[in-house]
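>>> Quick one, structure for this:
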Amino acid sequence: MSRKSFVPGAALVAAAALAVGLAGCSDGSSTDGSATDAKSGDATSAVQSAEPGRYQTLPEACGLPSRNSLRSMLPGDGQQLSSAEAKKLYAGQADITYDTDRRVGCRWSRETTRGTRHLTLDIQRVVSYDAEVSDDDKAQGIYAGKQQDAQIPSGGSASPGTPPPSSAKPKGPTADGAASASGAPVAKDSKTGGGGNGTDDGKSSTTGKAADQASGKATPGTPEASTPGAAPSGSIAPRVLDDLGDAAFLNDKLVTADSGLHRDVTVVFRTSNVIVTLTYDQWSTDKSMVPDSQELQDKARSLAGELSDRLSE
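Model (predicted):
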């Protein structure tokens, strides 16, 4: 029986073809691997560029303000509290939230014969679920929306140095029977019976208005403003606060209703990925007793600074 002869040339050709095939597979694997690594590197870069915020949890809101601050912001106007009443008042009432690592709040209130004061805190921790947007940037976007809703320009106050117009009308007679657009008394000219422009009259009007604002009182029958949302002017106008957190603003509104009036002062500030909203208001059933804007703003601003320091600890 004859054997089939072995052909070395054919074996060499087959071996060469096999080697080429293996090389092709190796190249393909290398290419796919390189592509996978590149995508992984891109994803890693995106995650690294969107850093998480400083805060991963939130403190208990009712425990943030100091007892001294609460005493100052919730005065008793001479009324004394028992130990149990004081404990209940300053403990505050916590807001009910579904996730206390994302949002917490607390509120306090005190009623006296001169009216009622309310203090509320809302603290929100912002988390971005976009790998290309950091928690801080997400929080800044939410803060900017609040500032825009309050109509406070980023460059300063809403209406610097210009008192807002008011449709307030005297409910009763004043010393001269007239009132200005802002609710301040206007002296009459004894000769014409109209608004006086004389130097002496102007000084009297200005002095009286300044005294009323400083004491928190209004001329009987002439509330400071009856237009909802009316705000103070000048240095106490709604404005951006440059020295609080990463970004902050203050808003001030005086609202008059049939049952009385109230002034609402709001301070909103952002620190990293946390946004704090502090609202402090005073209600008065006597429309001749206008809550003092400067006092409320100073106390709200002071507490906001205290909260910012506590959050930074």
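>>> Could you use CA atoms for every contact and neighbour count after this?
Fine.
>>> Neighbouring strands of the helix or strand hosting L278 in the sheet, and parallel or not?
Assigned by DSSP states H and E, L278 falls within strand 274-284. Sheet pairing here is set by DSSP bridges, and for strand 274-284 it gives strand 115-125 (antiparallel), strand 260-271 (antiparallel).
>>> which residues touch the longest one?
By Cα atoms under 8 Å, 6 or more residues apart in numbering, the residues outside strand 260-271 that reach it are 139-140, 143, 244-256, 275-287, 290-291, 293, 296-297, 300-301, 304, 308.
>>> Mean neighbour count, mean pLDDT and distance to Y90 added to the strands paired with strand 274-284, as CSV?
Below are these laid out as CSV (neighbours: other Cα atoms under 10 Å; pLDDT from 0 to 100; distance: least, Cα to Cα, whole Å):
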stretch, mean neighbour count, mean pLDDT, distance to Y90
strand 115-125, 20, 96, 11
strand 260-271, 24, 95, 20
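>>> Can I get those strands in a markdown table including distance to T57?
A markdown table is the format used below for the strands paired with strand 274-284 (distance: least, Cα to Cα, whole Å):
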| stretch | distance to T57 |
| --- | --- |
| strand 115-125 | 7 |
| strand 260-271 | 13 |
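>>> Ok, which of those comes nearest S235?
strand 260-271 (14.3 Å; Cα to Cα).
>>> closest one to P52 among the strands paired with strand 274-284?
The minimum distance between P52 and these falls on strand 115-125, with 11.5 Å, by Cα to Cα.
>>> Helix or strand next in line after that closest one, which one?
Following strand 115-125 toward the C-terminus (DSSP H and E): helix 135-149.
>>> returning to that earlier point: other SSEs contacting the helix or strand just after the strand holding L278?
Next along the chain after strand 274-284, taking DSSP H and E as the criterion, comes helix 293-312. The helices and strands touching helix 293-312, judged by 3 or more Cα pairs under 8 Å, 6 or more residues apart in numbering; DSSP states H and E, are helix 67-73, strand 260-271, strand 274-284.
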